[in-house]
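[1] How does the following fold in three dimensions:
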Amino acid sequence: MSLSLTLACLWALAATIVALLPYRRQFPPGIALLVAAPFLIGFIALEHGVVWMLLALAGFVSMFRRPLWFLGRRALGLDRPGTPDPAEPQRSDPP
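    Here you go, the predicted structure:
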């Protein structure tokens, strides 16, 4: 197996182990994995081509869908602190 695919397998194992950690301990290693992923996906593209890069990208997006969703909404200005989420049902207090 090539170096890039071996590193991708190790990255997937590391991401799985991080997911098993308690929620508060997931952030530092999760951020490191999130930053390392584009470089790893680019390395896979260089060694194996676009098809393997798209497969690696699909795996990355599937594992980090919630953080990517949050960062995307934040980048578009849709998720400002203190504003209610329109998808959440609003509670009304009885009179």
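
[2] In this protein, which helix is the longest?
    For the chain, the helix with the greatest residue count under DSSP state H is helix 27-48.

[3] buried ones in it?
    Neighbour-count burial for helix 27-48 flags 30, 33, 34, 37, 40, 41, 43, 44, 45 (criterion: 16 or more other Cβ atoms under 10 Å). Where you see a C-beta, it was placed from the backbone N, CA and C, and this is true even at glycine.

[4] Now do the strand or helix carrying residue 9: which elements does it pack against?
    If you go by DSSP states H and E, residue 9 is part of helix 3-20. The contact analysis (3 or more Cβ pairs under 8 Å, 6 or more residues apart in numbering; DSSP states H and E) places helix 3-20 against helix 27-48, helix 50-63.

[5] Now do the helix or strand following the shortest one against helix 27-48, angle only.
    So that's helix 50-63. Downstream of helix 50-63, the next assigned helix or strand under DSSP H and E is helix 65-75. Calculated by axes from the mean of the first three to the mean of the last three Cα atoms, to 10 degrees, helix 65-75 forms an angle of 100 degrees with helix 27-48.

[6] Tell me how far the residue nearest the centre of the chain lies from residue 38.
    For the chain, residue 64 is the residue whose C-alpha lies nearest the centre (Cα atoms, centre = their mean; 2.2 Å). Residue 64 sits 11 Å away from residue 38, taking Cβ to Cβ, to the nearest Å as the criterion.
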